[in-house]
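Visitor: heads up, no residue letters with this:
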């Protein structure tokens, strides 16, 4: 059995994987970030400005899923 | 470079990254929202029951027409439903079992799906017999866990048990881009609603959620604060954040621009893994399905549970809010 050929490829794969992990991490580290004091109010603002349209928060009468009324015009 | 040197550099850089992230953490979501009116009641009722699957329902996807949906099961069936009438419009028997992934195409003309066959296949719904016109989109080296059409009917993004995601061209069956970086099975993915075609997030058994640049194939951000497998991931409607659901019984909200976890949705009494997550239209409500037969509804801004929805006999395996936000469908076994 060529022990070397069984061990080496695995180790090379491991090293390649770690190198990719390191380069991904470097990219992540150098990313531009925005202060939470700016991003969080904007996340909240999205919700408050869309709440009226959100039928599961503010139910409206036109619910396409609710049962039809019993009287129909024929 | 030797393995040890690499591992050492990685550990050091992780600490530096945490420091950088900490510097900009000058506001707290929950504290910022103390003056906002809490959600006092959630009036959600079971309106329709879609019965027809014999086996466990593993995946579902709404059509952009806000009325049709596709669901797939462990016994190899794909069903297309009219959710208004509860009629089944198509029933396709797949050649494989455990169809864990399915997606409705933006035009509504196709459904893509796959599972233990390691393949993503597409079926044209307008044909007389869709099963005869099935086309192979792509093949992984392990099971297909999730798939989504990328902005049009021409491209599909897949996530697999082989730990990779791939963007495929439907017509040619060619790989446009592959995404390597997860250290375990990919379980879920979601495309950015704001960076359409440019950014997506994936999550998996390595406890991580990875954010990807679709053009370069590179992972640009990685969040690994979960304590167990991450089963589900969904973008916040603005595209600036995403939520995950995990076997560690918590859901977490990650703010992409500040590059941090900003909320955890958990409770001592919630012990079972979360398998599926989705937001209501505005992002105010987080719907989360768990392995203990329950669908918990969380107030995103207060990190408090506001309702528990029952109505399923078993584990909630998948759920999706319809595109116009008027309803929510959750599957386990035969019922929605």
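Guide: In hand now; what should we look at? What you are looking at is a predicted structure, and each value in this text was computed from that prediction instead of being measured.

Visitor: what about the helix ranked longest in chain B and chain A, touching?
Guide: Ranked by residue count under DSSP state H, the longest helix found in chain B is helix B:3-23. Yes. Contact of helix B:3-23 with chain A (Cβ under 8 Å from any Cβ of the partner chain) involves B:3, B:6, B:7, B:9, B:10, B:13, B:14, B:16, B:17, B:20, B:21. Backbone N, C-alpha and C define where each C-beta goes, glycine included.

Visitor: The fourth one: neighbouring residues, count only.
Guide: A count of neighbours around residue B:9, defined by other Cβ atoms under 10 Å in any protein chain shown, yields 17.

Visitor: Quick check: nearest residue in space to it, chain neighbours excluded?
Guide: Of all residues not flanking residue B:9 in the chain, residue A:22 sits nearest, at 5.9 Å (Cβ to Cβ, 6 or more residues apart in numbering or on different chains).

Visitor: and the one you found, helix, strand or coil?
Guide: helix (DSSP: H, G, I helix; E, B strand; the rest coil).

Visitor: what residue ranges in chain A score low on pLDDT?
Guide: A:1-9, A:61, A:66-74 (pLDDT under 70).

Visitor: give the contact list for the spatially most central residue of it.
Guide: Residue closest to the average C-alpha location in chain A (Cα atoms, centre = their mean): residue A:43, at 14.1 Å. Residue A:43 is in contact with B:29, B:236, B:238, B:240, B:241, B:255, B:262, B:283, counting by Cβ atoms under 8 Å, 6 or more residues apart in numbering or on different chains.

Visitor: can you list the residues of the stretch 1-150 of chain B near chain A?
Guide: B:1, B:3, B:6-7, B:9-10, B:13-14, B:16-17, B:20-21, B:24-29, B:32-33, B:36, B:39, B:42-44, B:47-48, B:66-67, B:83-84.

Visitor: Who are the packing partners of the host helix or strand of residue B:286?
Guide: Using DSSP states H and E, residue B:286 sits in strand B:285-290. Counting contacts by 3 or more Cβ pairs under 8 Å, 6 or more residues apart in numbering or on different chains; DSSP states H and E, strand B:285-290 packs against strand B:241-246, strand B:274-279, strand B:295-299, strand B:318-321, strand B:328-331.

Visitor: The first one - contacts with which helices or strands?
Guide: Translated: strand B:241-246. Strand B:241-246 packs on strand B:230-235, strand B:251-255, strand B:274-279, strand B:285-290, going by 3+ Cβ pairs under 8 Å, 6+ apart.

Visitor: Now do the second one: everything it contacts.
Guide: This means strand B:251-255. Contacts of strand B:251-255 (Cβ under 8 Å, 6+ apart): A:36, A:39-40, A:43, B:29, B:209, B:223, B:225-226, B:236, B:240-246, B:260-266, B:274, B:277, B:286, B:288, B:298, B:300.

Visitor: and if we set it to 6 Å?
Guide: The contact list for strand B:251-255, computed with Cβ atoms under 6 Å, 6 or more residues apart in numbering or on different chains, reads A:39, B:223, B:241-245, B:261-265, B:274, B:277, B:288.

Visitor: sorry, back to before: tell me the gap between the longest helix of chain B and the middle of its chain.
Guide: The chain centre lies 29 Å from the centre of helix B:3-23; the measure is Cα atoms, centre = their mean, to the nearest Å.

Visitor: Next: stretch B:111-128.
Guide: On Cα atoms, centre = their mean, the centre of stretch B:111-128 falls 18 Å from that of its chain.

Visitor: which parts of it are buried?
Guide: B:111-125 (16 or more other Cβ atoms under 10 Å in any protein chain shown).

Visitor: ok now do residue B:224, which residues does it touch?
Guide: B:207, B:208.

Visitor: picking that back up, return the most buried member of the helices and strands packed on strand B:285-290.
Guide: Mean neighbour count (mean count of other Cβ atoms under 10 Å in any protein chain shown) peaks for strand B:241-246 among the helices and strands packed on strand B:285-290, with a mean of 27.

Visitor: residues from chain A in reach of chain B?
Guide: Near chain B, the residues belonging to chain A are A:18, A:21-22, A:24-25, A:28-29, A:33-37, A:39-40, A:43, A:46-47, A:50-51, A:54-57, A:59, A:64-65 when assessed by Cβ under 6 Å from any Cβ of the partner chain.

Visitor: out of those residues, which are buried?
Guide: The neighbour count (16+ other Cβ under 10 Å) marks A:18, A:21-22, A:24-25, A:28, A:33, A:36, A:39-40, A:43, A:46-47, A:50-51, A:54-57, A:65 as buried among the residues of chain A next to chain B.

Visitor: and after the longest helix of chain B, which helix or strand comes next?
Guide: helix B:29-32.

Visitor: Against chain A, how distant is residue B:63?
Guide: Separation of residue B:63 from chain A (Cβ to the nearest Cβ, to the nearest Å): 13 Å.

Visitor: quick one: contacts for that residue?
Guide: Counting by Cβ under 6 Å, 6+ apart, residue B:63 has contacts B:104, B:108.
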